[in-house]
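Undergrad: Below: sequence and its predicted model.
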Amino acid sequence: MGEAEEQKLIFGLLFSLKASVAQMRPGGEDKPAADALHCYSTSSYKLHYFETPTGLRFILLTDPGVPSLRECLRQVYSHIFVEYVVKNPLQPMDQPITCSYFVQALN
């Protein structure tokens, strides 16, 4: 399976999970569900999820034994993504990130 197909499957899974979680929350679908889903685990991986108020999603796949990395993803957004992507006038927001400083900061 190619990378594009994997991304589509993960997006579809997250979309379905978010809808299910929203229905189970007190207040149902009327309440914002951005904070409702943090992570989920399978026997082979754990998916960590962070969504910004504007709908930007950060996803990280790890070993199932890793504790929640939600705070780490929030830090990636607020300290790395905003600094090297949002504030970079040469980086189009609708294109893959090509900024080498962003990649270096992630490493």
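TA: Thanks, I have the structure now.

Undergrad: the bottom helix or strand of the protein by mean pLDDT?
TA: Each helix and strand of the chain was given a mean pLDDT (mean pLDDT, DSSP states H and E); the minimum falls on helix 3-24 at a mean of 85.

Undergrad: so what secondary structure elements neighbour it?
TA: strand 46-51, strand 57-62 (3 or more Cβ pairs under 8 Å, 6 or more residues apart in numbering; DSSP states H and E). Bear in mind the C-beta positions are built from the backbone N, C-alpha and C, glycine included.

Undergrad: run the last query once more with 10 Å
TA: Contacts defined by 3 or more Cβ pairs under 10 Å, 6 or more residues apart in numbering; DSSP states H and E place helix 3-24 against strand 39-41, strand 46-51, strand 57-62.

Undergrad: Go through it and flag the buried ones.
TA: Leu14, Lys18, Ala22 (16 or more other Cβ atoms under 10 Å).

Undergrad: how long is stretch 24-40 from one end to the other?
TA: 16 Å (Cα to Cα, to the nearest Å).

Undergrad: got it, and stretch 86-104?
TA: By Cα to Cα, the extent of stretch 86-104 from end to end equals 16 Å.

Undergrad: ok now that stretch, how far from the chain's centre?
TA: Averaging C-alpha positions (Cα atoms, centre = their mean, to the nearest Å) puts stretch 86-104 17 Å from its chain's average.
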